[in-house]
Structures are given as structure tokens and as C-alpha cells.
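> Got a predicted structure plus its sequence, pasted below:
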Amino acid sequence: MNKENIAIPVSVTKTKAVKRKNKNLLTPWLFLLPSIIVLGTFLVIPIVEAFHWSLLDYKIIAGTGEFVGLANFKEIFTDTTFWLALWNTILFLIIVLPLNIFLPMILAVLVNQAIKGVSTFRILYYLPVVTPMVVAALMWKMLYSQSGPISSILVSLGLFDNPTNLLVESSTALVAVSAITVWKGLGYYMIIYLAGLQSISKDVYESAEIDGANAIQKFWRITVPMLTPSVTLVSVMTIIAGMKVFEEIALTTGGGPAGATTTLVMYIFNKFMSLDVSIASAAGVVLLLLAIGASLLQMKLTSSREDDLRA
Amino acid sequence: MKRKRITQKLMLYALMVFISVITVGPFLVTLFMALKSPGENIYGTIYPTDPTLANFTDSFSKANFGLYFLNTFIVTAIAIPLNLLFCSLAAYPLARMDFRGRGIVLSLIIATMMVPFQLYMAPLFQLAGELGLRNTYVGLIVMQVATAFGIYLMRQAYLRIPKELEESAYLDGANRFQVWYRVALPLVKPTLVTLAIFTFMGTWGDYLWPLLNSTESSMYTLSIGLAQLSQNFDGSNLKLISAASILTTIPTLILFMALQKYFISGATDGAVKG
């Protein structure tokens, strides 16, 4: 009786294992099929087409185009608007990157304290993250208006003589737009830093206290260096997201005034809207190459650390 | 010493309150603007002197936001369960089965995560037209149904669960689908919630694709309705825009309050998102 009880499961296991191996050929593809159909149709085909269009003189209304080789790339590389757009994208990143690195870090340190009410503050700081981008853009457009609160604050601080809408001045428009991006990301990057902070051992701070370090010294000498992996992650995420910045520009300045906020994505969007789809595709390929560069950098820098950050 | 500590604490709180004013202030300004009565000066005072809900009702009656709300709700409510189903299905063999082509599929998925939407929006726009998806719910939903990011996220979740439970289910005679559905899926529930949140946020607030695909106002989502309304950005329209902005944000706020924990853990999970 006992022998049988042991023998049966073993033989069952064997046949199951054989069966599973045969079924293996088809089963994984059955699991994958729905996604392959959808992603194949609405992602892979359009991507392949975009590469194709970038080499054509494609007319979207006629639905045809002739092969023109690299002429579209030649055209964008000789287009001053394209270089301005690339420059604006870089400038945007130069403004946003340091702010994204430091402001959320300070927020994270503040809400990481063991004092009353921090969880409420965490929620308040995270609210912009869950706000739809269109809403965020419009709220800020309202705040920026000439008779709005930001303008009056700037005048009362003596920074401007007359009420000014920062979004319509070509010298300040890009900074004004960047502020929206930074505001919306504060809470998100705060959480990334919080995960990093919680992995720092308390002993380090305790021994620094024994040595008589004050709060500011502890921040610069311990917190900042120990957060290096998080800083890397935040930087690369900022660069990748920043290259694709769109809504906060499209809905506030529309790329203006005089192209001052026309980023690479706005350039592509404008080309698409004027039906220069082949030019748009070629510029899209350039954007993709830049995005791949940044993503590869991210993978290289974060792959080994992903798990500690997942806390 | 004690007094010094108290002042230090007060300064900390003051700083934290100041930051809250920056993060929450824009919502309050918008809410106050939305509550201003028709005759009130838009920038007279920040708070409304004669609060009214008229702008909220107007956004439904005059600006058609009831319909936009419904459209957005339908698209989101269908996209989320489909996305969870498609992604959790597709991710399972990529995490647990050994088959020819797995490496290629996996690297394709990771590669497509890097591709900016703006690269392929033109061909996609044309394709949607050819397939008769312009100005349809399907045209909006289909973009959110299977996402490379969702598959990647679910695969990571499956990789974190121990294999033993699934193996003992096979010994009990369950097949691949049964093991996936009864054993693996319940173990990755938290990630399913995270993915549902990502899909919700991505669909509810999506702007560019609905802007291209919904050309008729009957198919506008909230984002598009808001963008159209903001074409005229002054006077009494600003109160209407504010009311519509608040209405658009309320569902995301409710969801955030209800699922805070998942939003926060999702932020670090989403760190891989390109």
C-alpha cells in the first residue's frame, strides 16, 4: 500500500514532464498572442513605417511617396529651426536636471524625519504627480498670466517693474515651462530618493553625531554621497523624460514666442501638423537615436542597483 | 538647548509648509477660480468673494464636459482590465517558460519601450484611419491594451515569486493556464494594482493620441475638451477651464487617496519606464 502511494506520484511526474515539454512549443505563444497582435499592429508596424517614411517623400493625403534616400535628414540638418529645437531641448535639460536632482532630495530628507505629520506632507508633495499633465499645464498657464499671482509676486519682489507673463517673454519662456515640469516631478523623484535614503544605515548618522556633526554637515557629508545611485537614476530618468517633453509646452506656449520653447518633440509635432510627415519621421529617428543613447546609459547605470531601489 | 531644538523644529515645519504651498497652491488657486461667480473679477482676489458652483454646472451644460467625462471613463474602464489581462498573460511565458524566440520577444519589448511616441504617430494616425478606428472608442482603447512597459513590469513580478508553488501545482495535474491563473496571478496582485494605476494615469490624462484620433467633438476625452476650451484663455472662460480642470483631476485624486501605498511603491517600480 505504502509502496504504491510513493510510486504513483513519481510516474505521474515523469509523464507530466514529458507532456509539458511537447506542449511547450505552442503554449508560450498562446499566452503571448493577444499582446503580439496588438503591439505588432499598433506599435511595431508604425515604427517600421516611420523608418520607411523617413527615406521617402511621403504625402499622407495621397498615401504614397518616392524614395529620396537621406534627403529628409539633409533637410533637417540644414534647417535652423531643427538646430534651435535641439538646442532648446538641451537647454531645457540643463535647467531641469539640477533642479530635479536637488529639490526632490531635500523633500525626501524632510519627509524621512521621524516627526509628526510627515505622512501628510508626503501626500501633499505627491499631489502634482497624480495630476493629469493637461490640467497641470493649464493651471500654471493661469498662474503665469499677466494679472495672475506669479506676476504680482515677481513685481512685489522687485524682480520686474511691470506685471509680466513669463510665458510670453522669449527670454523667460523656457524657464517658465521648465518650472511646470519640475513642479510635476518633485513628488515622484522624492519617492525615488526616499527609497535610497531608507537604505542608508542609521549607524552612520549616529557615529557622525557622536563626532559632533550638525544637520547640514550630515546632509552634505553623508546623505548626498550615499544617495549617488539615486542621483544617477533621477538624472537619467530626467534626461529621458525631458527629451520627450510635450504637453507642458504645447498647452502653454505652443513652442513660442518665436520658437523659444520649440523643443525637438514640438518640432516633430509641428512638422506633422503641416503634413510634412517624412520630415517629421526623419526628426523622429534622430530623437529615437538620442533616446536610445540615454536609455542604454540608464540600463548600464541602474541594472545592478535596480533591486536596492525597489525597497 | 531645549529652546534651540524647538525653534529648529518650528523652522523645519515652516519649510515643509512652504513647500506644500508650492505643491498644493496651484490646485487651490484653480479651485478658487472655479468657485468665482460670473460677475466677479478673475484676478481681483485669489479667493472667491461670492462662491458658486455655477462654473461646474456650466462645464456640463455649456461645455459638454459630461460627454467628455463619459468618453474618458469608458475608454479607461475598458482599457484597464484588458491591459492587466494582456500584459499578465504575455509576461508569464517570458518569465517562466523556456522556448525558442523568448530572447527575441523580450529584447523587442525592451527596445520598444525606448521608442518615443512622436516617432511613429504619423504612420499610426494613417493606420488608424485605414482600419476605421478614427473617432472610435476602440481607436483610443487599443493604444492602452497591451503595453511593453506593462509586460516588462509583470515579468519582473513573476520573477520575484518562488517557483515551488507553481511546480507543486503541476504535480497536482494543473496545466499551464491553470497554474498561471490560480497560482501565479494571485501572487502578483500588488503588481497588478500598480499596473492598473499606471494604465489609469496613462489613459485618463492621455493627450497626444486622443488629440490626433478624436477629431470630432463627440469623441473628445477630458484632456482634449480641456485643451479646446483653453483656446480662449481669458475672461469668464477661465472660470470654466478651472472648473473643468478640477473635475478632470478629482477621479485621479480619489484613486490616489484610496491606493496611496500602491502609488508610492509603483513610483519605484516605474523607475524602469523610459
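Done, it's in. Numbering: from 1, shown residues only, chains lettered A, B, ... in the order given.
> Now do the helix or strand of chain B with the lowest mean pLDDT: everything it contacts.
Least confident helix or strand, chain B: helix B:260-269 with a mean of 82, by mean pLDDT, DSSP states H and E. Helix B:260-269 has contacts (CB atoms under 8 Å, 6 or more residues apart in numbering or on different chains) with A:122-123, A:126, A:129-130, A:188, A:191-192, A:195, A:309-311, B:153, B:156, B:190-191, B:193-194, B:197-198, B:256. No exception for glycine: its C-beta is placed from N, CA and C like everyone else's.
> just checking, which of the residues you listed belong to helices?
A:122-123, A:126, A:129-130, A:188, A:191-192, A:195, A:309, B:153, B:156, B:190-191, B:193-194, B:197-198, B:256 (DSSP state H).
> quick one: residue A:159 and residue B:135, what's the gap?
According to CB to CB, to the nearest Å, residue A:159 stands 47 Å off from residue B:135.
> what about these two, which has more around it?
For residue A:159 versus residue B:135, neighbours defined as other CB atoms under 10 Å in any protein chain shown are more numerous around residue B:135 (17 against 9).
> helix, strand or coil for the more buried one?
coil (DSSP: H, G, I helix; E, B strand; the rest coil).
> check contacts around it.
Contacts of residue B:135 (CB under 8 Å, 6+ apart): B:213, B:214, B:215, B:216, B:218, B:219.
> give me phi/psi at the second one?
In terms of degrees, to the nearest 10, the main-chain angles of residue B:214 are phi -100, psi 90.
> you'd agree it is up against residue B:221?
Yes. If you go by CB atoms under 8 Å, residue B:214 and residue B:221 touch, sitting 6.6 Å apart.
> Find residues that contact each of the two.
B:71, B:140.
> hey, where'd the helices end up in the stretch 101-250 of chain B?
All helices of the stretch 101-250 of chain B, identified by DSSP state H, counting those that start in this stretch, fall at B:102-113, B:117-130, B:137-145, B:148-160, B:164-171, B:176-179, B:185-187, B:189-204, B:208-213, B:222-229, B:235-258.
> Looking at the ones you listed, spot the one closest to residue B:24.
helix B:235-258 (11.3 Å; CB to CB).
> Show residues contacting the closest one.
By CB under 8 Å, 6+ apart, helix B:235-258 touches A:126-127, A:130-132, A:134-135, A:138-139, A:142, B:27, B:30-31, B:33-34, B:36, B:38, B:42, B:55-56, B:58-59, B:62-63, B:65, B:69, B:197, B:200-201, B:204-205, B:222-223, B:225-226, B:229-230, B:233, B:263.
> Tell me what angle it forms with helix B:189-204.
Interaxial angle, helix B:235-258 versus helix B:189-204 (axes from the mean of the first three to the mean of the last three CA atoms, to 10 degrees): 170 degrees.
> Okay, buried residues for helix B:235-258 please.
Under the neighbour-count criterion of 16 or more other CB atoms under 10 Å in any protein chain shown, helix B:235-258 has B:237-249, B:251-252, B:255-256 buried.
> Just to check, residue A:112 is in contact with residue A:200?
No. Residue A:112 is not in contact with residue A:200 according to CB under 8 Å; the separation is 9.5 Å.
> ok, the two, which is more surrounded?
A direct count of neighbours by other CB under 10 Å for residue A:112 and residue A:200 places residue A:112 higher, at 18 against 15.
> what about the more buried one, distance to chain B?
With distances taken as CB to the nearest CB, to the nearest Å, residue A:112 is found 12 Å from chain B.
> hang on, the earlier thing: would you mind listing which of the contacts of residue B:135 are buried?
B:213, B:214, B:219.
> which of those lies closest to chain A?
Proximity of these to chain A (CB to the nearest CB) peaks at residue B:213, which lies at 11.2 Å.
> Please name the nearest non-neighbouring residue to that closest one.
In this structure, residue B:213 finds its nearest non-sequential neighbour in residue B:139, 4.9 Å apart by CB to CB, 6 or more residues apart in numbering or on different chains.
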